[in-house]
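S.K.: sequence and predicted model, in that order:
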Protein chains: 2
Amino acid sequence: MTEKVALIGSGNWGSAVAKIVGTNVKNFTHFDKEVKMWVYEEQVNGQNLTDIINTKHENVKYLPGIKLPENVVACPDLIRTCADATMLVFVVPHQFVVSVCKQLKGNIPDNCKAISLIKGIDVNDHGFRLITDMIQDSLGIRSCVLSGANIATEVAEGRFCETTIGYRNRTDGELFKEIFHTRNFRVNIIEDVIGVELCGALKNIIAVGGGLVDGLKLGANTKAAIIRIGLYEMRKFAQMFYKDVKDETFFESCGVADLITTCAGGRNRKVAEAHVTTGKSFDQLELEMLNGQKLQGTSTAKDMYGILSKKGLCHEFPLMTTIYRICYENLPSIKIVEDI
Amino acid sequence: MTEKVALIGSGNWGSAVAKIVGTNVKNFTHFDKEVKMWVYEEQVNGQNLTDIINTKHENVKYLPGIKLPENVVACPDLIRTCADATMLVFVVPHQFVVSVCKQLKGNIPDNCKAISLIKGIDVNDHGFRLITDMIQDSLGIRSCVLSGANIATEVAEGRFCETTIGYRNRTDGELFKEIFHTRNFRVNIIEDVIGVELCGALKNIIAVGGGLVDGLKLGANTKAAIIRIGLYEMRKFAQMFYKDVKDETFFESCGVADLITTCAGGRNRKVAEAHVTTGKSFDQLELEMLNGQKLQGTSTAKDMYGILSKKGLCHEFPLMTTIYRICYENLPSIKIVEDI
């Protein structure tokens, strides 16, 4: 049976991935050679972004300087992009998932399967919901997840790194591995969608902790201790809420490697460091450093704290709880080592 | 029963530990308040180092600026230091273990137990031997091991970090935890002497890999991937040779945290980075950067390669094997990502 891939999303990460997927499908006979990519249409220098991508084969706005394979075809119409696809790659910002799924419902083939490259979880008054669950529940299809230590630009440049695909159905996992795996973008697959997905969301909280320790200039031992305790609490949280989450997942790229990268660089770390060195609030720093965009680490810390406090579990997660309190309750930053 | 602690060694790490142990024994009624510390006698500004330590309460040569508790008593005589001790803390350089044990044999109480704070393993033509095994076999006593992300100076300054004690006998583990654990030096204990000890030895190989990646300027993703693969190979190696080694050990400070610290700083990383940026051999760089001292990472890589190649297992450990080949067989550094 021939598989046909559609990419839903074309930002920085989506475009990096388009380069890989477009190249890989040509290496197998069981893939349709055309990969449609849904692009939220916008004007760049008076031209449609889709037209630019389809003539220059470059996403000049979100991944400038990187050539995309010519078999990647930008399409402004979501339904048309996915109408004949059997493999959907979700790589839109987190807040668009609901609306994308609503539009796709009833408009995709029955044998479709999905993969989410989206980081984050959806929190509401009743608890939280994983992106893969949202996709599965609203479209009635199985969804894998891909997550790892993958800075988009470095991946697009072909620098060596790894990533992890979590699957429920091994055939799905192996199929998605075929379209992503390359010599320099090494894919491991593991039967643990939830564990892989939670790693991608929870690591941002720990990165805030890493930034606080950097700001306090506590040294390499302390930073390593915070990362280790963070990994431990991520695993404990995941396994407390989902008993099937595997220890092994935290040894994969989505676990320890992504956590290391996020605690070494990235905006969560950076803003948290500035919180210590400047004494300014996170709100203020988000305005100054991120043009008012919200940090994922602090908002995820708040979401998690909401869940933990409702269940009376804060004392079991001292690091996440303390990071929340430093961000939202004016606790002095030094409490990151005193209260855990 | 009253326990009495003796410290065997008084270098940088030994002195940092003396500060903690000397303070801790005063907090429990079941410890003798005096902690003897064996000091290899030498002259500092015309005075015996032991006399300086016992009057100034500072190891001016190996840990200047840090006050030691007055109940830590420096002693130049190894036999006398340990004659009435029930808890021996080994913190001498690796190459002195055999001679220390030879001198102590027959001169320590029967109920003695030991802990090794020594990093490294002993390799000979027949394979390798752990330091704890050397202590156990030559003295006929049980030995724990302590290892973690612990830069001596940061520990002495009381900066927050963690460490791991591996034990065979839980009572031993708990007893040693009492003399080491503080608010800022957090001890976890785990029933896995071998796993803890191997982490401390093998991480130095991976740090060489981390330094090569830094020199090649491959970026944060690649570095995180090398650390992750390194952790994976460390675990695989340990569990291949010792089936009881626990997964959990690699989540402890001795595992992931120490590996992160060692790959972020430290001389193995630094010299390997210089190998890439200057093109000079490791031998040359050891002369220039380390006064001719040998790197632990490269020599351990050589030892491990000897074991792996003899058993035909190199292909199962591509990272360690490639690091060895870069260090000793003039393989180009870029092979660190191409050959694994």
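M.R.: Arrived safely, thanks for sending.

S.K.: against which helices or strands is the helix or strand that contains residue A:297 packed?
M.R.: For residue A:297, the element it lies in under DSSP states H and E is helix A:296-310. Packed against helix A:296-310, as judged by 3 or more C-beta pairs under 8 Å, 6 or more residues apart in numbering or on different chains; DSSP states H and E, are the following elements: strand A:121-124, strand A:127-130, helix A:193-216, helix A:267-278, helix A:318-328. From N, CA and C alone the C-beta is placed, and that goes for glycine too.

S.K.: so for chain B, which of the ones you listed sits nearest?
M.R.: With C-beta to the nearest C-beta, the closest approach to chain B among the helices and strands packed on helix A:296-310 belongs to helix A:193-216: 8.6 Å.

S.K.: so how far is that closest one off the chain centroid?
M.R.: In terms of C-alpha atoms, centre = their mean, to the nearest Å, the centre of helix A:193-216 is found 12 Å from the chain centre.

S.K.: do it and chain B meet?
M.R.: No: on the criterion C-beta under 8 Å from any C-beta of the partner chain, helix A:193-216 is out of touch with chain B, staying 8.6 Å away.

S.K.: just the mean pLDDT for that helix, thanks.
M.R.: For helix A:193-216, the mean per-residue pLDDT is 97.

S.K.: what mean pLDDT would you report for whichever helix or strand comes after it?
M.R.: Next along the chain after helix A:193-216, taking DSSP H and E as the criterion, comes helix A:220-241. Helix A:220-241 shows a mean pLDDT of 96.

S.K.: do the helix or strand following helix A:220-241 and chain B meet?
M.R.: Going down the chain from helix A:220-241, the next helix or strand is helix A:258-264, by DSSP H and E. Yes: Helix A:258-264 is in contact with chain B by C-beta under 8 Å from any C-beta, via A:258, A:260, A:261, A:264.

S.K.: export those to JSON lines and append columns for pLDDT and neighbour count.
M.R.: Compiled in JSON lines, those are given as follows (pLDDT from 0 to 100; neighbours: other C-beta atoms under 10 Å in any protein chain shown):
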{"residue": "A:258", "pLDDT": "97", "neighbour count": "28"}
{"residue": "A:260", "pLDDT": "97", "neighbour count": "28"}
{"residue": "A:261", "pLDDT": "95", "neighbour count": "29"}
{"residue": "A:264", "pLDDT": "94", "neighbour count": "19"}
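
S.K.: of those residues, closest to residue A:63?
M.R.: residue A:261 (19.1 Å; C-beta to C-beta).

S.K.: which element, helix or strand, includes the spatially most central residue of chain A?
M.R.: In chain A, the centroid-proximal residue (C-alpha atoms, centre = their mean) is residue A:119; its distance is 2.6 Å. Using DSSP H and E, residue A:119 is not contained in any helix or strand.

S.K.: mind checking how far the nearest residue to it once chain neighbours are set aside is from residue A:146?
M.R.: Nearest residue to residue A:119, sequence neighbours excluded (C-beta to C-beta, 6 or more residues apart in numbering or on different chains): residue A:200, at 4.3 Å. In this view, residue A:200 and residue A:146 are 9 Å apart by C-beta to C-beta, to the nearest Å.

S.K.: one more: residue A:307?
M.R.: 25 Å.

S.K.: neighbour-wise, which of these two wins?
M.R.: Between residue A:307 and residue A:146, counted using other C-beta atoms under 10 Å in any protein chain shown, the more crowded position is residue A:146 (28 against 15).

S.K.: SS state for the more buried one?
M.R.: Under DSSP: H, G, I helix; E, B strand; the rest coil, the three-state class of residue A:146 is strand.

S.K.: interface residues of the stretch 201-340 of chain A facing chain B?
M.R.: By C-beta under 8 Å from any C-beta, the residues of the stretch 201-340 of chain A that approach chain B are A:218-225, A:227-229, A:231-232, A:235, A:247, A:250-253, A:256-258, A:260-261, A:264-265, A:337.

S.K.: redo that, cut-off 6 Å
M.R.: Residues of the stretch 201-340 of chain A lying near chain B by C-beta under 6 Å from any C-beta of the partner chain: A:218-222, A:224-225, A:227-228, A:247, A:256-257, A:260-261, A:264-265, A:337.

S.K.: of these, grab the buried ones for PyMOL.
M.R.: A single PyMOL command selects the buried members of those (16 or more other C-beta atoms under 10 Å in any protein chain shown):
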select buried, chain A and resi 218+219+220+221+222+224+225+227+228+256+257+260+261+264+265+337
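
S.K.: quick revisit: of the residues of helix A:258-264 next to chain B, which is the nearest to residue A:35?
M.R.: Distances from residue A:35 to the residues of helix A:258-264 next to chain B, taken by C-beta to C-beta, are shortest for residue A:258, at 25.7 Å.

S.K.: need the contact list for the nearest residue to the closest one once chain neighbours are set aside.
M.R.: Excluding the flanking residues, the one nearest residue A:258 by C-beta to C-beta, 6+ apart is residue A:149, at 4.4 Å. Counting by C-beta atoms under 6 Å, 6 or more residues apart in numbering or on different chains, residue A:149 touches A:161, A:253, A:257, A:258, A:261, B:221, B:224.

S.K.: that older thread, return the most buried member of the helices and strands packed on helix A:296-310.
M.R.: Stretch with highest mean neighbour count among the helices and strands packed on helix A:296-310: helix A:193-216 (a mean of 28; mean count of other C-beta atoms under 10 Å in any protein chain shown).

S.K.: keeping just the C-alphas, turn that one into CSV.
M.R.: Provided in CSV are the C-alpha atoms of helix A:193-216 (Å, rounded to 0.1, in the frame of the first residue of the first chain):
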residue,chain,number,x,y,z
VAL,A,193,3.6,8.0,23.6
ILE,A,194,2.7,9.5,27.0
GLY,A,195,6.1,9.4,28.5
VAL,A,196,7.7,10.9,25.4
GLU,A,197,5.1,13.7,25.2
LEU,A,198,5.2,14.5,28.9
CYS,A,199,9.0,14.9,28.7
GLY,A,200,8.6,17.6,26.1
ALA,A,201,6.2,19.5,28.2
LEU,A,202,7.8,19.2,31.7
LYS,A,203,11.4,19.9,30.8
ASN,A,204,10.6,23.6,30.4
ILE,A,205,9.8,23.8,34.1
ILE,A,206,13.2,22.4,34.9
ALA,A,207,14.9,24.8,32.5
VAL,A,208,13.5,27.7,34.6
GLY,A,209,15.2,26.0,37.6
GLY,A,210,18.4,25.7,35.6
GLY,A,211,18.3,29.4,34.7
LEU,A,212,17.7,30.4,38.4
VAL,A,213,20.8,28.4,39.4
ASP,A,214,22.8,30.1,36.6
GLY,A,215,21.7,33.5,37.8
LEU,A,216,22.7,32.6,41.4
